[in-house]
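A.B. asks: Fold the following and give me the result.
(2 chains, ligands or ions: 3)
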Amino acid sequence: LALPALAETAPESTDPIVINGGEVELQTAAPAPEHLDGALDEIYSGWLFRDPDTQTMQTDDFENPGMIFVDQGMDEWNMVEGEAGKSCASCHEDVSESMKGVRATTPKVNKDGALWSVEDYVNDCRTSRMQAEALDWNGDRMKNLTALISMQSRGMPMDVAIDGAAQPFWEQGKEMYYTRYGQLELACSNCHEDHYGDWIRADHLSQGQTNGFPVYRLKDAGLVSQHNRFRGCIRDTRAETFPIGSDEFRALELYVASRGNGLPVEGVSVRH
Amino acid sequence: MASAMPLAAETAPQDVAYDDIGAIAEPLSETAGNPEEGAKIYADKGTGNCVACHAISARTDAEFQGNIGPSLDGAGDRWSVEQLRGIVADAKRTFPESMMPSMYKTAGYVRPGDAFTGKAGTEPLPPLLNAQQIEDVVAYIATLKE
Ligand code: HEC
Ligand code: HEC
Ligand code: HEC
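C.D. replies: Ligands and ions are numbered 1, 2, ... in the order given. Alright, predicted model coming up:
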């Protein structure tokens, strides 16, 4: 029944995001990673699906409202806190050296076999190395730090590992991605794989990629973490969501990240 | 009809008889569907919200119309009232795997929620539309002729 009309719609253009007059250029499209064979041919940045005003805000770091939080993340980086009398900088020194590439390869399996997000590494350093309190996953201080850390990978292609120790987590995330949750019985794939480029009322659906996170969301006038976005999308299916920072969301984070392998980290992107 | 017993004149979600193509022969409520009410439910975000996924050219009042599902222009020519009733109540019986939510179904969900709170809900959930609302929407869609 009229299937072609319901298929996914490719964006009209795949121009790169040109930032600060050409200082940084971020590709907005890439060939889909092998594991998506049959599902998607091409992967796209969520930036392509936003309106021109929103897009423009991301093309200049002075206009990008998320950048102020990167500055605040830098203050956080240098702030001594906890019994050990240390700051992040005490050990990691120059963030642009020590954190380069971290965002592009995380979540990943740590040395104890657990799947960790950037937030987990941060809190591990805070509790075990600084002897300070863990930060709230979804709080401003954590989001400022993850924004700062993301920026150090800006332009580097997403490249999370999905084999070896990561594989069972990846499989779990994949299963979640295709599960039709809630009273509306909608899976991530219904909206972001089958119908990207289409309109669900006033919302222009993207592929739901995570390479732009944390994003500055105009609707929230603040940074949004990946897990908070997942929580919102699942809630909107009239389902019981998973908690932010749960193992389920770590697995989903890995799987969704792997669907974006090849797209550049956008640092702090702007979405509506 | 006595207002103390309105449910007596309705078929409950679990009692609906679908035929093998997913159609429902009998109306779900005793009161005939009202197309004007149906037109409102169609575009109302809090009830039908059909407009999230569908478009109808004549509905210039709806500010944003979706294109996840097909345009419903002429749907009243393509489908009988019985078929429309089945599609609106539980589209997956007509279109297997459809993305269209089942409007008159109360159980069998994965992680059912309490509306849009993100918290757990308890099955049976209230259906997305009640029997009269289904009849109203069906009556409205049946008027869409080309
Ligand atoms: C006392 C030293 C010390 C302090 C203070 C410290 N870290 Fe670490 N950090 C480490 C060490 C050592 C590792 C490597 C751990 C490993 O490989 O398991 C690490 C790893 C990390 C990683 C993972 C890097 C990667 O390549 O995967 C991140 C992210 C991180 N730290 C962020 C922070 C932040 C943010 C702060 C401040 C809130 C901080 N660290 C404070 C010592 C420290
Ligand atoms: C009913 C439709 C729907 C479902 C189901 C859904 N989403 Fe979304 N999602 C949206 C809409 C609408 C947006 C905002 C517009 C956009 O970027 O696509 C969005 C945005 C996102 C974004 C932000 C993309 C960006 O570039 O900022 C991510 C990530 C995302 N979704 C992931 C998911 C995941 C993972 C699931 C499943 C757990 C999911 N979504 C399920 C509708 C949905
Ligand atoms: C989340 C998306 C979504 C919502 C909400 C939705 N539909 Fe649908 N609808 C679809 C899709 C997709 C199809 C195409 C059938 C298929 O899945 O193959 C469809 C098909 C139909 C058809 C048959 C189309 C034709 O012209 O042949 C009718 C009639 C219909 N829907 C009516 C409604 C009504 C009435 C509502 C609200 C009470 C509604 N839909 C809500 C997605 C939706």
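
A.B. asks: Now B:Gly118. Nearest residue, chain neighbours left out?
C.D. replies: Among residues not flanking B:Gly118 along the chain, A:Arg235 sits closest, at 3.8 Å (C-beta to C-beta, 6 or more residues apart in numbering or on different chains). Where you see a C-beta, it was placed from the backbone N, CA and C, and this is true even at glycine.

A.B. asks: how about the closest residue to B:Glu135 other than its chain neighbours, what does it touch?
C.D. replies: Distances taken as C-beta to C-beta, 6+ apart place B:Gly33 nearest to B:Glu135, at 3.6 Å, with adjacent residues excluded. Listed by C-beta atoms under 8 Å, 6 or more residues apart in numbering or on different chains, the contact partners of B:Gly33 are B:Pro27, B:Gln132, B:Glu135, B:Asp136, B:Val137, B:Val138, B:Ala139, B:Tyr140.

A.B. asks: Now, these that are in helices?
C.D. replies: Judged by DSSP state H, the subset of the contacts of B:Gly33 located in helices is B:Gln132, B:Glu135, B:Asp136, B:Val137, B:Val138, B:Ala139, B:Tyr140.

A.B. asks: Wait, a helix at A:Phe69?
C.D. replies: Yes. Per DSSP: H, G, I helix; E, B strand; the rest coil, A:Phe69 lies within a helix segment.

A.B. asks: For it, give its distance to A:Asn20.
C.D. replies: Using C-beta to C-beta, to the nearest Å, A:Phe69 is found at 18 Å from A:Asn20.

A.B. asks: neighbour count winner among these two?
C.D. replies: With neighbours defined as other C-beta atoms under 10 Å in any protein chain shown, A:Phe69 and A:Asn20 compare such that A:Phe69 has more, 23 against 13.

A.B. asks: For the more buried one, give me its contacts.
C.D. replies: A:Phe69 sits next to A:Asp140, A:Lys143, A:Asn144, A:Ala147, A:Tyr216, A:Gly222, A:Leu223, A:Val268 when contact means C-beta under 8 Å, 6+ apart.

A.B. asks: Show me which of those is closest to ligand 2.
C.D. replies: A:Tyr216 (9.9 Å; C-beta to the nearest ligand atom).

A.B. asks: list the buried ones in stretch A:228-242?
C.D. replies: Going by neighbour count (16 or more other C-beta atoms under 10 Å in any protein chain shown), the buried part of stretch A:228-242 is A:228-231, A:233-242.

A.B. asks: what about the closest residue to B:Ala9 other than its chain neighbours, how many neighbours?
C.D. replies: Counting by C-beta to C-beta, 6+ apart, B:Glu30 is the residue found nearest to B:Ala9 once chain neighbours are left out, at 3.7 Å. Using other C-beta under 10 Å, the number of residues around B:Glu30 comes to 14.

A.B. asks: touching ligand 2 at all, stretch A:142-160?
C.D. replies: No. Contact of stretch A:142-160 with ligand 2 (C-beta under 6 Å from any ligand atom) is absent, the minimum separation being 12.4 Å.
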